[in-house]
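K.L.:
Provided below are the primary sequence and the corresponding predicted coordinates.
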There are 2 protein chains.
Amino acid sequence: MTLGERQGDEKNDSKYCGVETEFNDDMPQLLSVNIHGGFDFVVAPLMDPAYRPSLLLSSNGGSGVLPFAGSDLVLSPSQWSRHVVGKISSWLDLDSEDEMLRRDSEITLKQEIAWASHLSLQACLLPAPKGVTCANYARCVNQILQNLSNMQLWLRIPLEKSDDDDDDDGNRSPNSMGEEHRDSWEMWNSFRTLGEHHSQLSVAFDVLSSLPSVNSLARWFGEPVRAAIINSNSFLTNARGYPCLSKRHQNLVTEIFNNSIQIVISGQQMQNLPTGTSGTNSHNSNNQSEGVEGMQRHPLRSYLDYIAYLYQKMDPLPEQERFELGYRDYLQSPLQPLMDNLEAQTYETFEKDTTKYIQYQRAVAKALLDRVPDENASTITTVLMVVGAGRGPLVRASLQAAEETGRKLRVYAVEKNPNAIVTLHSLLKIEGWEKIVTIVSSDMRCWDAPEKADILVSELLGSFGDNELSPECLDGAQRFLKEDGISIPSSYTSFFQPVTASKLYNDIKSHKDLVHFETAYVVKLHRVARLTSPQPVFTFNHPEDSTKKSNDRYKKLRFEIPTDTGSALVHGFAGYFDSVLYKDVHLGIEPSTATPNMFSWFPIFFPLRTPICVQPGIPLEVHIWRCCGTSKVWYEWGVTSPSSSPIHNCNGRSYWVGL
Amino acid sequence: MTLGERQGDEKNDSKYCGVETEFNDDMPQLLSVNIHGGFDFVVAPLMDPAYRPSLLLSSNGGSGVLPFAGSDLVLSPSQWSRHVVGKISSWLDLDSEDEMLRRDSEITLKQEIAWASHLSLQACLLPAPKGVTCANYARCVNQILQNLSNMQLWLRIPLEKSDDDDDDDGNRSPNSMGEEHRDSWEMWNSFRTLGEHHSQLSVAFDVLSSLPSVNSLARWFGEPVRAAIINSNSFLTNARGYPCLSKRHQNLVTEIFNNSIQIVISGQQMQNLPTGTSGTNSHNSNNQSEGVEGMQRHPLRSYLDYIAYLYQKMDPLPEQERFELGYRDYLQSPLQPLMDNLEAQTYETFEKDTTKYIQYQRAVAKALLDRVPDENASTITTVLMVVGAGRGPLVRASLQAAEETGRKLRVYAVEKNPNAIVTLHSLLKIEGWEKIVTIVSSDMRCWDAPEKADILVSELLGSFGDNELSPECLDGAQRFLKEDGISIPSSYTSFFQPVTASKLYNDIKSHKDLVHFETAYVVKLHRVARLTSPQPVFTFNHPEDSTKKSNDRYKKLRFEIPTDTGSALVHGFAGYFDSVLYKDVHLGIEPSTATPNMFSWFPIFFPLRTPICVQPGIPLEVHIWRCCGTSKVWYEWGVTSPSSSPIHNCNGRSYWVGL
């Protein structure tokens, strides 16, 4: 039974809800009670909690049989793997000062994981590290992970962080984390760094009754969180005696759902439900368990019902989000539009972005009105050149703007892709544009124009603005723009934003080479924590007054992550752009000003070869260069604070855009 | 002309002394004056300092000819490469806020390096970074280094660090380095980290009149320092009016010589030499320049003479150091003595270490005296077994101890290498030991001994003590040691010490794989900065009371680098051992207690995949594991403070010792 169904939710793991159980050596009984109670899976101990390898007289009387919860035959293979997450013994303390406890823990951990692996479980829940260090625990888990087939290990981490509002920002040694300054994220970060960010190691966080700040919670959503364990004592009781969650907890649960994280309910029934309500349900009617004869209502059922209620009351995914589901966190190499010719399929997709062309039409209309006063509307013909006309969407938008404003146009459609020229010619005939539009099959950088243009219209922008070489193309076209001519777009600016993005980092790492770490990717960012506001990087203006000016750029940025975030890991930088088409008409994907309902551009992602941990109060300093060679343009980037990284992509050795 | 000759100095670059000059477009004249003045090379500007690319009317009148100091033909190729270090224009400021200056600097840097490269110079001196950041400078140099054939680039760095004795240790944000807290090492560290520790980038430090603390200076000797520039104004004047250096400067110069760093004298003549002394020399008689007719004495000659005097008065290298010169900083893989049989050459070398066998003889003698009272000396025969007898040095030492103490011995020489057995048999005949010594061709771990031993003597120790599996071998031999028997050695302890070792790091990096970064190397450490005292790691005792005890070990170490050192880069850990042979007779290489005149062991070096920068007041926390599998033993290691590293050598994947 799932929490519910939403459109586009087919792949959302968070519709499956689990329950944490006590040790029970009657696994079939345990599973039956919980599945019939409405849960999709159990997080159940595999080993008798009294077992210690160093005790000669263990519960099995020294027979050599380990005291596991039943043999592998008590459940079918698919029951084991679909419905059971192995809960590793919670007494384990691999960093104990007590050497015997430490050794017992190491042995038991290996035995339990080996058993879980034998059962083909999908995941095991590892107990939270105890104490302040976790190096030996991390070392053992790391050894285990090297030989583990497919199983996921979920490291349990309580979601807690002490406030240090009373601390001065720079006035604290960032490593003096003692009992008084506790941030469980630091433990997680140390653990996974020691284990080289293994992709089978993830987090199951414990949601406690009090929550850290919003910023502090947000950084977790760039981490590989697979499960959220909510104890019944984190629930409140509503007026009718049913469990519910605080507003902040509800928001957190919504984020959990949005990030495909599975919820596990844990603990005892806390609320004394009003008598006589066993057959009714406070929030929804999803109560099929009541139909099973003779089964007792599951003691945690009302918690499950409440979580299902929250799941079902979420807003449905907007159509665009549903359309883009398959692209979430999927890394794509940016286009090489100068070197390669676009395919029909690509044109097709881009042309569907009506919002974009409406903005262009508005910009052209405003430019026409500025250029030609009403009294000259019938006498003056404006020369408008679409450079990079593709299959004609900007020609259409320009002609519509002319019609809308009553201005006369002469249009040149310049396009270097001979395949698109074929489409343009047929379009001219179909639309009857032959008298107004001249098609030019040429690269704008070398076209010998018969006259100069009043308005130059182009759509050469990439996700990072200049990354598809709009500056170089438009510099080449500027020769045939009148001195007082207008370029649409008239300027564009790129933006940079540090992010936690462990999924992207692991995807890049899986290539095991340098090249992939020195490449920028177009990607629909989803499981990413945006750690600060974006900052502007490079701006290009068109037309450019000083024609001698180089398109090389260098920018140094300084980000301050809000101190209440706590420490955070920066895997790289999200890149965006915003463009001024003409005056107040803009177009862009920078989150705070993004043009709504536009899908032509996903953000870009610049990775770091080694993620950098930024501690509260320490600025993150980043340097970005745009470098121009004779045959290519490339970016280099690097960090100098809190510590220096190598400069990425030196001389464009890994990633470049051909001229 | 060199500063002098010392035995073993053939490869010491520091006997060549240079001089920094002004720009002079008559290179032959400039070179002649300075070579005849006694210097071995000049550090001379290659480009007119007035040149700026952005100035249309540069000194060459726009002819396109860059204003270099003469054409390549004015000197012979060997003069250029042997006697000239190119001094890059000191006005360059690649991180200036002034964009024109920045661009001029970038262009000029590339032009000058290209010219120096054309001339096949061995090195160029890059001006010190100006201001507080150097990211753009580092990026440009990094780009240049990718395409540079053999030339070294020496980055000029003033040797300066402000004291912060008044600072509380943990009470300072480590990255808030402003003007008030200046440590030029931080600039160097940022520069070379941005450039990925390129092996052609090194340091030329400026020795100023005031010096930072001893600890702060020491860390530089693990860095790739190639030159030390001493300005004449850092000299004092002695009673006779000649230049000399303060005691601390003299000590620094000695360290400079010991590390093969070349001295460059710079600046103006400061001292007014007493009249009538041009033909005499205050310190030594190395005054051949006076013999050249009509040549004026070089204005910096007396500084050179003083440096030569310091060079010549150094103590000669001890014989052992001379013998080991070729091994300095040369990485060797540790032996696999269990899996491989040693070669005759190796036995030959080890047997020459008389100091070691004298210590063994002393230990055996003490054990014999303790074991057999004087009154029983003629009646009791002590059973002594040499396990791992090799070609017999311990047999000889034991027999000598018996003779010295007048005790009677029965000796078993157990050896697994059949080749060494041959030697042992012939030795028995030659020495007439047939009645006393029984040769056993067997691995001690499976030998079925005919009687039990009073004393077990072995030399199975590696540079890190237990790393050649002495614990496993002696555990195997313990079966045939009497309950109250003695093992020589009776215990051994390994030691760990964080070091700066950029040469070793670059040698490991050059393999471009993970395996070499997860291997421990035997190496004669020389150009290494030892950042703290060593700390003990693992101790093994023999015989071991609890035979059930595992030889697995785990140790967490916490190093505090003296705060006056400043920040330092840790490339890895030097490892040593100390061993108690018997009671107060010890043997070891831990620097503070090392047995003198012993050459059997060089230290061991455990690298870090990514060097870790440790800032003052922040502890360095290291974890080391000794792990035992069924067929191998290995170490894993990792750092958790100031930040976490990956755990190295997980499951012994890169480096292990076979059982």
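P.N.:
Here it is on my side, so go on.
K.L.:
Determine the longest helix present in chain A.
P.N.:
If you go by DSSP state H, chain A has its longest helix at helix A:99-118.
K.L.:
can you give me the strands in the stretch 301-450 of chain A?
P.N.:
In the stretch 301-450 of chain A, the segments counted as strands under DSSP state E, counting those that start in this stretch are A:381-387, A:408-415, A:437-441.
K.L.:
So which elements touch the strand or helix carrying residue A:471?
P.N.:
Using DSSP states H and E, residue A:471 sits in helix A:470-477. Applying 3 or more Cβ pairs under 8 Å, 6 or more residues apart in numbering or on different chains; DSSP states H and E, one finds that helix A:470-477 contacts strand A:381-387, strand A:453-458. Where you see a C-beta, it was placed from the backbone N, CA and C, and this is true even at glycine.
K.L.:
can we see that at 10 Å?
P.N.:
Packed against helix A:470-477 by the contact rule (3 or more Cβ pairs under 10 Å, 6 or more residues apart in numbering or on different chains; DSSP states H and E) you find strand A:381-387, strand A:453-458, strand A:481-488, strand A:535-541, strand A:620-628.
K.L.:
before we move on, back to that, now the longest helix of chain A - C-alpha only, CSV.
P.N.:
The C-alpha trace of helix A:99-118 is given here as CSV (Å, rounded to 0.1, in the frame of the first residue of the first chain):
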residue,chain,number,x,y,z
GLU,A,99,38.6,-2.2,23.0
MET,A,100,36.5,-5.2,23.6
LEU,A,101,33.3,-3.3,22.7
ARG,A,102,35.1,-1.9,19.7
ARG,A,103,36.1,-5.4,18.5
ASP,A,104,32.7,-6.9,19.2
SER,A,105,31.2,-4.1,17.2
GLU,A,106,33.5,-4.6,14.2
ILE,A,107,32.8,-8.3,14.1
THR,A,108,29.0,-8.0,14.5
LEU,A,109,28.8,-5.3,11.9
LYS,A,110,30.5,-7.5,9.3
GLN,A,111,28.4,-10.5,10.3
GLU,A,112,25.1,-8.6,10.0
ILE,A,113,26.0,-7.0,6.7
ALA,A,114,27.1,-10.3,5.3
TRP,A,115,23.8,-11.8,6.3
ALA,A,116,21.8,-8.9,4.9
SER,A,117,23.7,-9.3,1.7
HIS,A,118,23.0,-13.0,1.6
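K.L.:
Return the set of buried residues in that helix.
P.N.:
A:101-106, A:108-109, A:111-113, A:115-117 (16 or more other Cβ atoms under 10 Å in any protein chain shown).
K.L.:
mind putting the strands of the stretch 301-450 of chain A in a markdown table, distance to chain B included?
P.N.:
Output for those, formatted as a markdown table (distance: least, Cβ to the nearest Cβ, whole Å):
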| stretch | distance to chain B |
| --- | --- |
| strand A:381-387 | 29 |
| strand A:408-415 | 32 |
| strand A:437-441 | 36 |
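K.L.:
list the contacts for the residue lying farthest from the centre of chain A?
P.N.:
The centre of chain A is farthest from one residue, residue A:379, which by Cα atoms, centre = their mean lies 53.7 Å away. By Cβ atoms under 10 Å, 6 or more residues apart in numbering or on different chains, the contact set of residue A:379 is A:372, A:408.
K.L.:
does any part of the helix or strand harbouring residue A:191 sit near chain B?
P.N.:
For residue A:191, the host element (DSSP H and E) is helix A:184-194. Yes - for helix A:184-194 and chain B, the contact criterion (Cβ under 10 Å from any Cβ of the partner chain) is met by A:186, A:189, A:190, A:191, A:192, A:193, A:194.
K.L.:
Could you list the low-confidence segments of the stretch 1-150 of chain A?
P.N.:
Applying pLDDT under 70 to the stretch 1-150 of chain A picks out residues A:8, A:56-63.
K.L.:
mind checking how far residue A:42 is from residue A:13?
P.N.:
Residue A:42 is 16 Å from residue A:13, where distance means Cβ to Cβ, to the nearest Å.
K.L.:
and those two? which has more neighbours close in?
P.N.:
Neighbours were counted for residue A:42 and for residue A:13 using other Cβ atoms under 10 Å in any protein chain shown; residue A:42 has more, 24 against 13.
K.L.:
hmm, stretch A:137-145 touching chain B?
P.N.:
Yes - using Cβ under 10 Å from any Cβ, stretch A:137-145 reaches chain B at A:138, A:139, A:140, A:141, A:142, A:143, A:144, A:145.
K.L.:
Surely the first one is in contact with residue A:94?
P.N.:
What that stands for is residue A:138. Yes - the criterion here is Cβ atoms under 10 Å, and residue A:138 meets it with residue A:94 at 8.6 Å.
K.L.:
shared neighbours, these two?
P.N.:
residue A:129.
K.L.:
For the closest residue to residue A:350 other than its chain neighbours, the count of nearby residues, please.
P.N.:
Excluding the flanking residues, the one nearest residue A:350 by Cβ to Cβ, 6 or more residues apart in numbering or on different chains is residue A:600, at 5.6 Å. By other Cβ under 10 Å, 18 other residues sit near residue A:600.
K.L.:
Next one: residue A:600 from residue A:407, what distance?
P.N.:
The value you get for residue A:600 to residue A:407, if Cβ to Cβ is used, is 27 Å.
K.L.:
In contact with the closest residue to residue A:396 other than its chain neighbours, which residues are there?
P.N.:
Distance criterion Cβ to Cβ, 6+ apart; nearest residue to residue A:396, sequence neighbours excluded, is residue A:357 at 7.4 Å. Neighbouring residues of residue A:357 by Cβ under 10 Å, 6+ apart: A:350, A:351, A:393, A:394, A:396, A:397, A:398, A:400, A:459, A:600.
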